[in-house]
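> sequence plus the predicted model coming up.
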Amino acid sequence: MRSEYFGIALALVAGVAAIPVEAQTTQTSSAVASADEKAFADELMRRLRANDYAGALDWLDARPDIAARPEGQKLRIQLLMFLDRDREAQALSEAYLSVHPDDATARFQLGEIHFRARQDQPAAFAYRLAVAGDLDETRRQAALARLTQIDGRKRWRFWVGGSVAPDSNLNSATDATRVDLFGLPFALSDDARRRSGVSVNAFGGVDRTVQLSPTLAVRLSAIGSLTDVPGEESDLQYLSLRAGPQWRLGPTTTVSVQVKQSRRWYGGAVWEDAQGFGLEGDTYGNNTRWTGAFNAEGIDAKVNPARNGRLFSIEGARTRYLGTSSLWRLGAVAVRREAESSTEAYTQGHISLGRLFQGPHATFIYAEASTGLRRYDVAAIAFGTRREDREASLELRLSKRDWFIWGAHPFVSMSTSRNRSTINIYTYDRTRMEFGFTREF
């Protein structure tokens, strides 16, 4: 695809003659300047045609007035890629896009950088944004071809991440000091009330695809997470193993069925085991991505057998790519939890709406509002009231795209949530910040 980028160079060369010459006072000075610009353009093209990319970069850097132009910056990014200096190219590309968020060619360049590094998720994201912008037809077709390649080229995928999260309410507990049980008032202990602190989180996974035919594969996955909070009694761990077939129904459409086995730990002890299956689908077209999933699991609660039962969930999301640097995302989840004890059974719904946009200083900003309702089947015996929780939350996430932590972009997330319940012990407010990163291999 190197020949395509001569278009960037040619656009730069064509624009050289249009650069204003400061302090022009005579026709002679203008003619001298024009000759100088033409000599620069001719030498730049000579080095490019000779594949002397290091020489072309040096020649471009010798003229900072030209290198600072939009086409000059994009040419510099491409030359860095030709010289395998992808980290520098990526940082420069992100910085350029924060100033020129509507430049579809630059977004396509960024997709190419990620694609070369086999960072498939950020590459696909960049290509979809580029296609949603004013991208020329040649690069548009190339981006769509890359999306098809991405869906099928990786047999192994690894990802890891971590974060540190100051939290005003680690245990999602109430501020109340008293609660009524069986009609009598009782004082709540400090352990049952809200606790603030800092949690440390780590997560990761591995996904193996065994291709059986062009349209059929078997996926094997392992996913795990760990949350360490002050005091060992509240630490959380999770491990899930999954396996099943995946069908490719089109260039950017897949459907998979997986058998699942998972375990959760709480405070170092096994909390519950789950076994079941899931159905997932993913399709993209016309600048819109649709994802959906259905899960059915049997729950074996180790600490409280009354929670034994089944869980069913269905979820879906629609992502609309609005242009080179923005999108809308709408998501919805419905859950049905059945249990041996009817007091543990509930129905839950959740809906969210988010917007992504380009921020200053090479940042992406994602803002999301969400609301949810959980309604239990019967009244809680101790409280004499059926529990019903209503939660509303706001989240703002900022990622710094030209900074790298172990090859990944750092992010900071700020969220606030408010839960109101018919039983006051479950009413709480929560404010949380999170500093972290995620990396794909």
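The structure has been received and is ready for your questions.

> can you name the residues that contact residue 335?
Listed by C-beta atoms under 8 Å, 6 or more residues apart in numbering, the contact set of residue 335 reads 311-313, 346-350. Placement of C-beta: from N, CA and C, glycine included.

> could you dump those to CSV with neighbour count?
Supplementary listing: these in CSV, determined by neighbours: other C-beta atoms under 10 Å:
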residue, neighbour count
311, 16
312, 14
313, 16
346, 20
347, 14
348, 16
349, 13
350, 17
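
> quick check: closest non-adjacent residue to residue 304.
Using C-beta to C-beta, 6 or more residues apart in numbering and skipping the chain neighbours, the partner closest in space to residue 304 is residue 344 (7.8 Å).

> need the contact list for that neighbour.
Here residue 344 is in contact with 304, 306-307, 309, 337, 376 (C-beta under 8 Å, 6+ apart).

> give me the contact list for the helix or strand encompassing residue 379.
Using DSSP states H and E, residue 379 sits within strand 363-380. Identification of contacts with strand 363-380 by C-beta under 8 Å, 6+ apart yields 98, 329, 342-359, 385-401, 423.

> among those, which lie within strands?
Those of those mapping onto strands are 329, 346-359, 385-400, per DSSP state E.

> buried ones among the residues you listed?
Under a neighbour-count criterion of 16 or more other C-beta atoms under 10 Å, the subset of these counted as buried comprises 329, 346, 348, 350, 352, 354, 356, 358-359, 387, 389, 391, 393, 395, 397-400.

> burial check on the closest residue in space to residue 214 that isn't next to it in sequence, number of neighbours?
Closest residue in space to residue 214, ignoring its immediate chain neighbours: residue 248 at 7.2 Å, by C-beta to C-beta, 6+ apart. The tally of other residues near residue 248 (other C-beta atoms under 10 Å) stands at 19.

> after the helix or strand where residue 248 lies comes which helix or strand?
Taking DSSP H and E as the definition, one finds residue 248 inside strand 236-250. Taking DSSP H and E as the definition, the helix or strand that follows strand 236-250 towards the C-terminus is strand 253-266.

> okay, now the sheet partners of that following strand, with direction.
Strand 253-266 has the following sheet partners, assigned by DSSP bridges: strand 236-250 (antiparallel), strand 269-285 (antiparallel).

> wait, isn't residue 279 in contact with residue 260?
No - here residue 279 lies out of contact with residue 260, judged by C-beta atoms under 8 Å, at a distance of 11.0 Å.

> more neighbours, those two?
residue 260 (19 against 15).

> isn't residue 119 up against residue 409?
No - because the distance of 10.5 Å does not satisfy C-beta under 8 Å, residue 119 is recorded as not touching residue 409.

> list the beta-bridge partners for residue 293.
On DSSP bridges, the residues paired with residue 293 through beta bridges are residue 280, residue 315.

> and it, what pLDDT?
The score at residue 293 is 98. That number is its pLDDT.

> re the thing from before, whichever of the contacts of residue 344 end up buried, select them in PyMOL.
Buried residues among these (16+ other C-beta under 10 Å), as a PyMOL selection:
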select buried, resi 307+309+337+376
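
> and the two most separated of the contacts of residue 344?
In the contacts of residue 344, two members sit farther apart than any others by C-beta to C-beta. They are 304 and 376, at 14.9 Å.

> related to what we said a few turns ago, now the strand holding residue 248 - C-alpha only, PDB.
Taking only C-alpha atoms (Å, rounded to 0.1, in the frame of the first residue of the first chain), the coordinates of strand 236-250 have been written out as PDB:
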ATOM      1  CA  LEU A 236     -12.900 -10.600  44.600                       C
ATOM      2  CA  GLN A 237     -11.700 -13.100  42.000                       C
ATOM      3  CA  TYR A 238     -13.300 -14.400  38.900                       C
ATOM      4  CA  LEU A 239     -12.400 -17.100  36.400                       C
ATOM      5  CA  SER A 240     -14.300 -18.300  33.300                       C
ATOM      6  CA  LEU A 241     -13.600 -21.000  30.800                       C
ATOM      7  CA  ARG A 242     -15.500 -21.100  27.500                       C
ATOM      8  CA  ALA A 243     -15.600 -23.300  24.400                       C
ATOM      9  CA  GLY A 244     -17.800 -23.600  21.300                       C
ATOM     10  CA  PRO A 245     -18.300 -23.100  17.600                       C
ATOM     11  CA  GLN A 246     -18.300 -19.800  15.700                       C
ATOM     12  CA  TRP A 247     -19.900 -19.300  12.300                       C
ATOM     13  CA  ARG A 248     -19.000 -16.500   9.900                       C
ATOM     14  CA  LEU A 249     -22.100 -15.500   8.100                       C
ATOM     15  CA  GLY A 250     -20.500 -12.600   6.100                       C
END
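
> buried residues, it. List them.
By neighbour count on 16+ other C-beta under 10 Å, the buried set for strand 236-250 is 236-237, 240, 242-244, 246, 248.

> for stretch 405-423, same thing?
Of the residues in stretch 405-423, those buried by neighbour count under the rule 16+ other C-beta under 10 Å are 408-411, 413, 415, 417, 419, 421-423.

> what mean pLDDT does that stretch have?
Confidence over stretch 405-423, taken as the mean pLDDT, stands at 89.

> equivalent analysis for stretch 133-152, please.
Across stretch 133-152, the per-residue pLDDT values average to 90.

> centre of the chain versus the helix or strand harbouring residue 313, how much separation?
Secondary-structure element containing residue 313, defined by DSSP H and E: strand 309-323. Here the centre of strand 309-323 is set off from its chain's centre by 15 Å, with C-alpha atoms, centre = their mean, to the nearest Å.

> which strands or helices does that strand pack on?
Of the remaining helices and strands, those touching strand 309-323 by 3 or more C-beta pairs under 8 Å, 6 or more residues apart in numbering; DSSP states H and E are helix 120-132, strand 288-301, strand 326-339.

> okay, these in TSV with distance to residue 76 next?
Conversion of those to TSV gives the following (distance: least, C-beta to C-beta, whole Å):
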stretch	distance to residue 76
helix 120-132	18
strand 288-301	32
strand 326-339	25
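
> tell me the most buried of the ones you listed?
Of all these, helix 120-132 carries the top mean neighbour count, a mean of 23, counting by mean count of other C-beta atoms under 10 Å.
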